[in-house]
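Enquirer: Next one to model:
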Amino acid sequence: MTGVSLAPDPRSPLPSLHPAAASRVGILCASLLLMALPAPAGGKPPAPTLTPPLQTVDLNVGESQEVTLADGKKVTVKLLALRETRDTLRQAVRRAEVTVAVAGQKVTLVSANYQLPITIAGAQIDCPVTKGYRKNSTRDTANRDPWGLEKDARLRLWPAGAPLLNAGTFVYPAKQRWFASATQMANEPVHVDGGENPLARRIYYHYGLDIGGAEGMVEVVAATEGLIVSAGKAVLPGYEDTPVAPRYDVVYLLDARGWYYRYSHLHTISAEVRPGQKVKRGQLIGLLGKEGGSGGWSHLHFDISGRQPSGKWGIIEGYAFLWEAYRHQYHPALLAVARPHHLAAVGEKVVLDGSRSWSSSGKLTAHQWTFTDGATASGPTVARTYSRPGVYSEVLKISDAKGRLDYDFAVVNVIDRKKPDQLPPSIHAVYFPTTGIKAGDPVTFLVRTFRTTDGKETWDFGDGSAKATVQSDGNVVPLAKDGYARTVHRFAKPGHYLVRVERTDRHGFTAVAHLHIRVGQD
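Expert: The predicted structure follows:
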C-alpha cells in the first residue's frame, strides 16, 4: 500500500488525540460526566432525507421479484438455488452460495465473508446473509434477530458502475491501516478470543464488522454525518422502537438514510459526542477499546441497522462500504485479503484463498504463501493439512508488475477431534502507530493470549534483532486494564517487516500471529 497516508484530515472539527495521554484522560473524565447528565429532550426520529443507491430483496428458492434500480432500470432477480457448507467439527456454516438469475443471466454469489458485489446484466449484486446463518446461532432468539431475515436469502442490487453508497457520505471509521490487526466480519464465526470451540452447542456468527486495533490508541470517527442518539448510558427519549440499546461503551448515530450506526467497545467517548448533538463525517467519536462484551480483545465493533424487506430492523452488511471508503480515502495500490479464518481437524484439508486480493492496476502478478512450518507455495488458492493442533498464521504476499507488494494472514484453527477438550490457545496482536513509521521511531506492540495461562509470548520483529519475551494475563479477567502485554521496538532501516508473535501451552500447542509493519513506506 505504498503511498497511503492516514494523517488526520486538517478539515476535521476536532484535533487528533495521539499521542498525548493527557487528552485521553480528559476525554475519559468528560465521558464520565456525560453519563451523569440528564438526556436532552428528544422526540420522534426524523424521517430519512437521503435515499441509498441499493435495493434489497429477500427471496425463497424459486421466487423472483422485479427490482427498480437507483438509475431507474428495472431487472428481474430470481433465487435459483442455495447451498450451505458446514464444517465437520461444529457444523457451523463456513460458506453459503446462492445461484441467482439477474435479467435471465445466471451468477453464483458467495454470501458475505469478505465478498464484494459482482457485476452482471447491468447491475451489481451481492448476498449479505442466508437462512443457515440463523440456525443454531447464539444471536437468533425470540428477543434478538440481528438480520431480520425471514426467507432463504437476502440480495442487494445497485446499478452497474455506481458507488455502493451515496458519494461523499461515508468514511472509514478507524484511523489505522486496512487489516492492521485481526478482524471478524459479517457471518464469520467469532474466533479471536478463542470462540471456536467444538464443545459449544451454538455458533456465534458475527454480525457487523469487528476491526481489531490497539486499545486506547486508535481513533474512532463518525462514518457519516448524523444525529447522536445515545452516548454511553445517555439516550434521547422517543427511540424505543429502534435498534438503539444504550451501554456505557457504546455510541449510536442516526444518519440521513434512516440507518443506525453502532460504535461499540469504546475505551473512551469524546466529550463532543452527546445525545441530541449532530456530528460531521470524520469527527472523533472516541478511542478503540475492549469494554463491554468484547470477549477481552481490543476492537471496534461497527454495525449498521435499518428496516429490512421483512419490515423488521436488521443488519445492513457494511464490509463493501468500508472497502469502498478506504480505497477512496487512502488510494492504496494493493490490498491483500486472505480471510476469513478456518477451522479444521488434524489431517483435514484446508483451502486457503487469496483470490479476493486487489490491485489498483487491475492485475496481480503473484500470490506467494509462506506457512508457519516454513513451507512455501504459489497461486491464489492452496490446500494444506495440519498434523498438530494449534492456531496457525499463514502468510500471503501479493505483488504487481511495478514491484509493489502487500501482505495478509490466513488464520487456521486446528483441533484434535479425539480430544476436543484440549483446545489450543488463540492470540491477538496489534501495533501502533500503523502509519507514518520512520526508521528509529518507537512502535508499540501489544499482545494477549486466550485459552491458556501457560508460557509467555515471544516476539520476532523480523529485522534480525533479538527476540523479546512478554507475558499477557491469558484473558483471566477479560476487561482487565493491563490484560495486554506491551513492548516497544524500533526498526533501524526502512522496509516491509513481518513480525511474528507466538505462545505455547502445556500440551505443546502453539498460537501464532503475524503483523505487517511498513517503515518509511508511506
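
Enquirer: Do a quick rundown of the helices in this structure.
Expert: Along the chain, counting by DSSP state H, helices occupy 21-36, 319-330.

Enquirer: which stretch in these has the least confidence?
Expert: Sorting the helices of the chain by mean pLDDT places helix 21-36 lowest, at a mean of 37.

Enquirer: What's the local residue count around residue 376?
Expert: 11 (other Cβ atoms under 10 Å). Bear in mind the C-beta positions are built from the backbone N, C-alpha and C, glycine included.

Enquirer: If the residue lying closest to residue 378 once chain neighbours are set aside is in a bridge, with which residues?
Expert: What sits nearest to residue 378 in space, not counting adjacent residues and going by Cβ to Cβ, 6 or more residues apart in numbering, is residue 368, at 5.6 Å. Here residue 368 shows beta-bridge partners residue 378, residue 397, assigned using DSSP bridges.

Enquirer: Quick check: end-to-end length of stretch 464-484?
Expert: Stretch 464-484 has an end-to-end distance of 25 Å (Cα to Cα, to the nearest Å).

Enquirer: To clarify, my last question referred to stretch 163-175.
Expert: 22 Å.

Enquirer: go on, stretch 472-481?
Expert: Stretch 472-481 end-to-end distance (Cα to Cα) = 11 Å.

Enquirer: quick one: contacts of it?
Expert: 193-194, 290-291, 294-296, 447-454, 457, 482-485 (Cβ atoms under 8 Å, 6 or more residues apart in numbering).

Enquirer: Go again with 7 Å.
Expert: 193, 290-291, 294-296, 447-450, 452-453, 457, 483-485 (Cβ atoms under 7 Å, 6 or more residues apart in numbering).

Enquirer: can you pick the most crowded of those?
Expert: Once you tally neighbours by other Cβ under 10 Å, residue 449 ends up highest among the contacts of stretch 472-481, having 31 neighbours.

Enquirer: Now do stretch 323-339: distance to the chain's middle.
Expert: Between the centre of stretch 323-339 and the centre of its chain there are 13 Å (Cα atoms, centre = their mean, to the nearest Å).

Enquirer: And for the residue nearest to residue 395 when sequence neighbours are not counted, the neighbour number?
Expert: The shortest distance from residue 395 to any non-neighbouring residue, by Cβ to Cβ, 6+ apart, is to residue 370 (4.3 Å). Residue 370: 16 surrounding residues under other Cβ under 10 Å.

Enquirer: now the strands for the stretch 301-450 of the chain?
Expert: 313-315, 334-335, 342-345, 350-353, 358-359, 366-370, 376-378, 381-384, 390-399, 405-415, 426-432, 442-450 (DSSP state E, counting those that start in this stretch).

Enquirer: Mean neighbour count, those: which tops it?
Expert: strand 426-432 (a mean of 25; mean count of other Cβ atoms under 10 Å).

Enquirer: pLDDT (mean, whole number) over that strand?
Expert: 98.

Enquirer: Report pLDDT for the nearest residue to residue 508 once chain neighbours are set aside.
Expert: Closest residue to residue 508 apart from its sequence neighbours, by Cβ to Cβ, 6+ apart: residue 388 at 7.9 Å. Predicted confidence (pLDDT) for residue 388: 97.

Enquirer: from the contacts of stretch 472-481, which ones fall inside strands?
Expert: With DSSP state E as the criterion, strands contain 447-450, 457, 485 from among these.

Enquirer: Tabulate those residues (JSON lines), appending pLDDT and distance to residue 78.
Expert: Output for those, formatted as JSON lines (pLDDT from 0 to 100; distance: Cβ to Cβ, whole Å):
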{"residue": "447", "pLDDT": "99", "distance to residue 78": "49"}
{"residue": "448", "pLDDT": "98", "distance to residue 78": "47"}
{"residue": "449", "pLDDT": "98", "distance to residue 78": "48"}
{"residue": "450", "pLDDT": "98", "distance to residue 78": "44"}
{"residue": "457", "pLDDT": "98", "distance to residue 78": "52"}
{"residue": "485", "pLDDT": "98", "distance to residue 78": "54"}
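
Enquirer: of all those residues, which comes closest to residue 515?
Expert: Distance ranking of the ones in strands among the contacts of stretch 472-481 against residue 515, using Cβ to Cβ, places residue 447 first at 9.7 Å.

Enquirer: any idea how far residue 491 is from that closest one?
Expert: 18 Å (Cβ to Cβ, to the nearest Å).

Enquirer: residue contacts, the closest residue to residue 107 other than its chain neighbours?
Expert: Distance criterion Cβ to Cβ, 6+ apart; nearest residue to residue 107, sequence neighbours excluded, is residue 120 at 4.8 Å. Contacts of residue 120 were listed using Cβ under 7 Å, 6+ apart, and they are 102, 105, 107.

Enquirer: Who wins on neighbours among those residues?
Expert: residue 102 leads these on contacts (other Cβ under 10 Å) with 22 neighbours.

Enquirer: shouldn't residue 359 be in contact with residue 334?
Expert: Yes - using Cβ atoms under 7 Å, residue 359 is in contact with residue 334, at 5.3 Å.

Enquirer: overlap in contacts of those two?
Expert: In contact with both residue 359 and residue 334: residue 400, using Cβ under 7 Å, 6+ apart.

Enquirer: rewinding a little: the residue nearest to residue 395 and residue 376 touch, don't they?
Expert: Yes - with contact defined as Cβ under 7 Å, residue 370 reaches residue 376; the gap is 5.3 Å.

Enquirer: Dump the lengthiest strand in the chain to PDB, keeping only the CA atoms.
Expert: For the chain, the strand with the greatest residue count under DSSP E is strand 74-86. Output of strand 74-86 as PDB, limited to C-alpha atoms (Å, rounded to 0.1, in the frame of the first residue of the first chain):
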ATOM      1  CA  LYS A  74     -35.800  -2.500 -14.000                       C
ATOM      2  CA  VAL A  75     -34.400  -6.000 -13.600                       C
ATOM      3  CA  THR A  76     -36.000  -9.300 -12.500                       C
ATOM      4  CA  VAL A  77     -34.000 -11.200 -10.000                       C
ATOM      5  CA  LYS A  78     -34.700 -14.900  -9.200                       C
ATOM      6  CA  LEU A  79     -33.200 -17.100  -6.500                       C
ATOM      7  CA  LEU A  80     -32.400 -20.400  -8.200                       C
ATOM      8  CA  ALA A  81     -30.500 -22.400  -5.600                       C
ATOM      9  CA  LEU A  82     -28.900 -22.200  -2.200                       C
ATOM     10  CA  ARG A  83     -26.000 -24.300  -0.900                       C
ATOM     11  CA  GLU A  84     -24.500 -24.100   2.500                       C
ATOM     12  CA  THR A  85     -21.300 -25.900   3.500                       C
ATOM     13  CA  ARG A  86     -20.700 -26.700   7.200                       C
END
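
Enquirer: what ranges do the strands span in the stretch 51-200 of the chain?
Expert: Under DSSP E, counting those that start in this stretch, the stretch 51-200 of the chain gives strands at 55-59, 64-68, 74-86, 93-102, 105-110, 118-120, 123-130, 153-159, 183-184.

Enquirer: between those strands, which one is nearest to residue 499?
Expert: strand 183-184 (17.5 Å).

Enquirer: So what are the sheet partners of the closest one and their directions?
Expert: Assessed with DSSP bridges, strand 183-184 is paired to strand 209-212 (antiparallel).
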